[in-house]
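Pasting a predicted model and its sequence here:
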Amino acid sequence: MTLGGLVCGSAHAHEGDPRVWRIDFPLAAQGQAWVVDEMGLLLEQPQRDFLWLCDDGLSLTAGLRAAAPVSADGRVWLTATRERLYRSEDAGCRFEPVVGPLADHFIGPVLPHPTRPEVVLAATASLAVVNDVFRTEDGGRTWRGAGLALPSPVRSMVRAPSAPATIYLSHGSGAARSTDGGARFEALAWQFEGAAPRMDEVRLLGVSPDDPHTVFAALELFPDGHLAVSRDGGATWRVLLTTPGDVPESLAAAPGGRLWLSGPFTGLWRSADGGVHWENLAPPGTLGCLAVHPQTGDLWGCLRGNPLPWVIGRSADAGATWQAALPAYSAIAGGLDCPAASPTGQICGAQCDPADRQCQGAADGGAPADRGPGEDGGEVSRARVGSGCRTIGTGRGDDWVFLCLLLLFRRDRRRRSAIQGS
């Protein structure tokens, strides 16, 4: 369909196109990727294949947005969905909702500590109530708020890799910074060169690994988006790069001033000098999330849309060429090795693609799980995910429609503001 001159694709799927939200490399995972997908959690294995934890193992209305191991041995996990936080003490086989002050909130950004896995920040994104940032130092058992009392949801929150106690966040009516790991925050009076965007048009993307005072943000304006930078800890900002007809989506930063920026329409941008000069690359598809492997320095990325040359890829030459890390959802090796009687074993083990001929025509598209001996001799359940886990759409996906509507909404709001101010 066409909206205001923008051509938007349509999606055709009963579950919608799978979408990778983020790629992380938690310390407790020892260099293996944790991939948060719309349909669940994908865990890279030492042999470089992936296992799957279905989102229904958390909640039937989950929509996974973040996941991390929060103990040194990697057995305790914390996961965030649209609706709330969940915690597992047995590496994902059973999850319990996190109780306490976060129980009554929608969950926004979740920020694990890079070297202390038991320390996590979780921001809230609830409507019509005050929001805050909560901190745990015991792997999610207990939480304490920072006392922000924000009138609007937290939109974004990032941590400085070189100084993990430095945190930046943005919300609909302002921004704040913490220098003590999120225990307390101070408001920031941001100043932008040129026309200042509304704060609900600002989304923080990351902090330079070389300097905790260099922060990057996407300005979600119409018709052109921008990548902005602050080199004084969020006090003043200027535009580094304009992405014509696009909104910057993800930023990856590596030591030495190396930057990568993705956008759904303009592809991949690369800078080797901290954003002074940029090169526009043509990736093999629509790049979404980006991440830099902390040990190898390889650039990792996820593709969106359909068809896909690969789902998750990695590049050893700074984004010039790519190799598939996960070539297709059908290449997922299986589900987590959980006891057959565990919630994950029962729920995820019963799921497979309705197009799978092994699915026996079950009314809900499910099928009995493959079962076999576990490492301790007990029976375990391995979900059948070899057919892709969910039906994949034939269009570009809901993301394109959402982006078109977002751009049109922002243009209409600016036009109304201009009329009211004239």
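It's in.

C-alpha from now on. contacts and neighbour counts both.
Noted.

Apart from its neighbours in sequence, what residue is nearest Ala125?
Among residues not flanking Ala125 along the chain, Pro153 sits closest, at 3.9 Å (CA to CA, 6 or more residues apart in numbering).

show me the contacts for the one you found.
Gly108, Thr124, Ala125, Ser126, Leu127, Asn131, His171, Gly172 (CA atoms under 8 Å, 6 or more residues apart in numbering).

And the helices in the protein?
With DSSP state H as the criterion, the chain has helices at 343-347, 398-421.

so what secondary structure elements neighbour the first one?
Using 3 or more CA pairs under 8 Å, 6 or more residues apart in numbering; DSSP states H and E as the contact definition, the elements that helix 343-347 packs against are strand 338-339, strand 379-382.

mean pLDDT lowest for which of those?
Mean pLDDT across these is lowest at strand 379-382; the value there is a mean of 44.

The helices of the chain: lowest mean pLDDT?
helix 398-421 (a mean of 46).

could you give the mean pLDDT of stretch 257-269?
Averaging pLDDT along stretch 257-269 yields 95.

and the nearest residue to Leu58 once chain neighbours are set aside, how many neighbours?
Closest residue to Leu58 apart from its sequence neighbours, by CA to CA, 6+ apart: Phe95 at 6.3 Å. A total of 23 residues lie near Phe95 under the criterion other CA atoms under 10 Å.

go on, Pro255?
When counting by other CA under 10 Å, one arrives at 14 neighbours for Pro255.

so who does the closest residue in space to Ala316 that isn't next to it in sequence touch?
Spatial nearest neighbour of Ala316, excluding adjacent residues (CA to CA, 6+ apart): Asp298 at 4.9 Å. Applying CA under 8 Å, 6+ apart to Asp298 gives the contacts Val292, Arg314, Ser315, Ala316, Asp317, Ala318.

one more time with 6 Å
Taking CA atoms under 6 Å, 6 or more residues apart in numbering, we find Asp298 in contact with Val292, Ser315, Ala316.

low-scoring stretches of the stretch 151-300 of the chain, by residue?
For the stretch 151-300 of the chain, residues meeting the criterion pLDDT under 70 lie at 195.

In the stretch 201-350 of the chain, what residue spans correspond to strands?
202-207, 215-219, 225-230, 236-243, 250-254, 258-263, 267-271, 279-281, 286-292, 299-304, 312-315, 323-326, 334-335, 338-339 (DSSP state E, counting those that start in this stretch).

what are the pairing partners of the longest one, and which direction each?
The partner list of strand 236-243 in its sheet, established with DSSP bridges, is strand 191-192 (parallel), strand 225-230 (antiparallel).

what about the first one, distance to the chain center?
What that stands for is strand 191-192. The chain centroid and the centroid of strand 191-192 are separated by 27 Å, computed with CA atoms, centre = their mean, to the nearest Å.

do the longest one as well
Average the C-alpha atoms of strand 225-230, do the same for its chain, and the two points are 20 Å apart (CA atoms, centre = their mean).

thinking again about what came up before, distance to Ile23 and mean neighbour count for the strands of the stretch 201-350 of the chain - can I get that in a markdown table?
Shown next, in a markdown table, are the strands of the stretch 201-350 of the chain (distance: least, CA to CA, whole Å; neighbours: other CA atoms under 10 Å):
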| stretch | distance to Ile23 | mean neighbour count |
| --- | --- | --- |
| strand 202-207 | 14 | 24 |
| strand 215-219 | 19 | 25 |
| strand 225-230 | 21 | 24 |
| strand 236-243 | 23 | 18 |
| strand 250-254 | 11 | 23 |
| strand 258-263 | 14 | 23 |
| strand 267-271 | 17 | 22 |
| strand 279-281 | 21 | 14 |
| strand 286-292 | 6 | 24 |
| strand 299-304 | 8 | 25 |
| strand 312-315 | 9 | 22 |
| strand 323-326 | 12 | 18 |
| strand 334-335 | 19 | 24 |
| strand 338-339 | 23 | 23 |
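
JSON lines please, covering those strands and showing distance to Leu58.
As requested, those are exported to JSON lines (distance: least, CA to CA, whole Å):
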{"stretch": "strand 202-207", "distance to Leu58": "27"}
{"stretch": "strand 215-219", "distance to Leu58": "31"}
{"stretch": "strand 225-230", "distance to Leu58": "35"}
{"stretch": "strand 236-243", "distance to Leu58": "37"}
{"stretch": "strand 250-254", "distance to Leu58": "26"}
{"stretch": "strand 258-263", "distance to Leu58": "30"}
{"stretch": "strand 267-271", "distance to Leu58": "34"}
{"stretch": "strand 279-281", "distance to Leu58": "38"}
{"stretch": "strand 286-292", "distance to Leu58": "23"}
{"stretch": "strand 299-304", "distance to Leu58": "23"}
{"stretch": "strand 312-315", "distance to Leu58": "23"}
{"stretch": "strand 323-326", "distance to Leu58": "23"}
{"stretch": "strand 334-335", "distance to Leu58": "14"}
{"stretch": "strand 338-339", "distance to Leu58": "14"}
